[in-house]
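**Q** model the structure of this input:
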Amino acid sequence: MPQSRRLNAPKKQRRHYSGKKKRHALKTRAIVNKADGKVLCLAFANGKRADLRLFKESGVHAKSETVLEANAGYQGLAKIHSNCVLAKKRFKRSPLRKANKLRNHDISSRRALSEHVIGFVERFRIVS
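**A** Here you go, the predicted model:
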């Protein structure tokens, strides 16, 4: 009898399971104002949702003069917002050139404040 109950139970955890990372996760996307470090917007999704898809579904609209700096998970953002800064990804058989590595380093240096704010939110379990 207990075994049949387990088979019929709803699998709520499957919703948040990321097959790529092999973990249960809740993905959080934050938009941070670079001038003062304030969080402007938060969006949540299950662990297997792609970053760009989460951005599209959140319904955030940015002015065309606003510069969006995002990580490499937002590789289609240039089609949606023309004024964005993205890191160059390396592919399986083509490593990055030195110029691209330097550019990626500059981009990640500029994004450091945003990453610190996101780490603060996660560290103090403001969002869980």
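**Q** and the strands in this protein?
**A** Secondary structure of the chain (DSSP state E): strands at 17-18, 23-24, 26-32, 39-46, 68-70, 84-86.
**Q** which residues does the residue nearest the centre of the chain contact?
**A** Nearest to the geometric centre of the chain sits D51, at 4.6 Å (CA atoms, centre = their mean). D51 is in contact with 27, 29, 70-71, 73-74, counting by CB atoms under 8 Å, 6 or more residues apart in numbering. C-betas here are computed from N, CA, C, even on glycine.
**Q** now it: how far from K27?
**A** 8 Å (CB to CB, to the nearest Å).
**Q** from the contacts of D51, which two are the most distant?
**A** K27 and A70 (14.1 Å; CB to CB).
**Q** and those two? Which one has more around it.
**A** A70 (22 against 17; other CB atoms under 10 Å).
**Q** relative to H105, how far out is that one?
**A** 16 Å.
**Q** any idea how many residues pack against the closest residue to C41 other than its chain neighbours?
**A** Excluding the flanking residues, the one nearest C41 by CB to CB, 6 or more residues apart in numbering is I31, at 4.2 Å. I31: 17 surrounding residues under other CB under 10 Å.
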